[in-house]
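*Asks:* pasted the sequence and its predicted model underneath.
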Amino acid sequence: MARVYPQPAAVEGSPSEQREVFTIWMKSLVLNGSGCAVYDSGGRLAYRVDNYDSKRDDELFLMDLGGRVLFKILRKKKLGLFGRWEGYRCTGSQQQEELTPSFRMVRPSGIFTGDGPREVTVFGSGDSCRYRIEGAVRKSRYKITGVGGELIAELERKRAASGVALGDDVLAMVVEPHSDLSLVMALMVVCSRISHTM
């Protein structure tokens, strides 16, 4: 009998038609891995992240629940303390990543800018656009806004119905309608890596 898997909240690459609410558990589903699991509002696994090697933290894979790679995320090291992260969208049946990055996030260059705004350049078929990540990234409380200041997504520690915050490794993310869910998840992965929460 064939196994039937539930579908993620939205198909990779297509914008969500409604507001989506996700729960993120900052634990790998793979033994000795480094990653997280993302659940939709119904409690079903929607995305997972892993690098399959806890000793190597400069390469991560964002996958759908069936294990298909959606983004390959790499840390590009440069001279000095600060580097950049790049995300390569994976397409086709071979799951090959595109040769040029789909997005690039650069860490702030100042010494005291750990939670300063981060600029993300998103490349597409037309001109590139910019997203902005603002808030306390190191405390897992931030928002992603578009070039015009419109809210794309917001992330914070998850709270129970009584208002009590759950553990430091359980987060809630609300993604606004018409957002590229896999891209938003990939940006969350980079922020989590920068803040050492994953």
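*Replies:* Yes, it's here.

*Asks:* after the helix or strand of the chain with the lowest mean pLDDT comes which helix or strand?
*Replies:* Of all helical and strand segments in the chain, the minimum by mean pLDDT, DSSP states H and E falls on strand 96-97, at a mean of 61. Tracing the chain past strand 96-97, the next element assigned as helix or strand by DSSP states H and E is strand 103-106.

*Asks:* okay, that following strand in CSV with CA atoms only?
*Replies:* Included here for strand 103-106 are C-alpha records, laid out as CSV according to Å, rounded to 0.1, in the frame of the first residue of the first chain:
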residue,chain,number,x,y,z
PHE,A,103,18.7,35.7,-2.2
ARG,A,104,21.7,37.1,-0.3
MET,A,105,21.8,38.2,3.3
VAL,A,106,24.7,40.2,4.6
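
*Asks:* what residues of that strand count as buried?
*Replies:* Applying a neighbour-count criterion of 16 or more other Cβ atoms under 10 Å, one finds 103, 104, 105, 106 buried in strand 103-106. Glycine gets a C-beta too; all of them are placed from N, C-alpha and C.

*Asks:* tell me which of those residues is nearest to residue 136?
*Replies:* For those, the residue nearest residue 136 by Cβ to Cβ is residue 105; the value is 16.7 Å.

*Asks:* contact partners for that closest one?
*Replies:* With contacts defined as Cβ atoms under 8 Å, 6 or more residues apart in numbering, residue 105 is in contact with 84, 85, 86, 118, 119, 120, 121, 133, 187, 190.

*Asks:* biggest separation within the residues you listed, which pair?
*Replies:* In those, two members sit farther apart than any others by Cβ to Cβ. They are 86 and 133, at 15.4 Å.

*Asks:* looking at these two, which is more packed in?
*Replies:* The neighbour comparison of residue 86 against residue 133 (other Cβ atoms under 10 Å) goes to residue 133, with 24 against 21.

*Asks:* which one of the contacts of residue 105 sits closest to residue 19?
*Replies:* Using Cβ to Cβ, residue 187 is the member of those that sits closest to residue 19, with 17.3 Å.

*Asks:* surely residue 193 meets residue 60?
*Replies:* Yes - Residue 193 lies in contact with residue 60 (Cβ atoms under 8 Å); the separation is 7.0 Å.

*Asks:* touching both of these two, which residues are there?
*Replies:* Between them, residue 193 and residue 60 share the contacting residues residue 73, judged by Cβ under 8 Å, 6+ apart.

*Asks:* so how far is stretch 63-83 off the chain centroid?
*Replies:* Stretch 63-83 has its average C-alpha position 10 Å from the chain's average C-alpha position, going by Cα atoms, centre = their mean, to the nearest Å.
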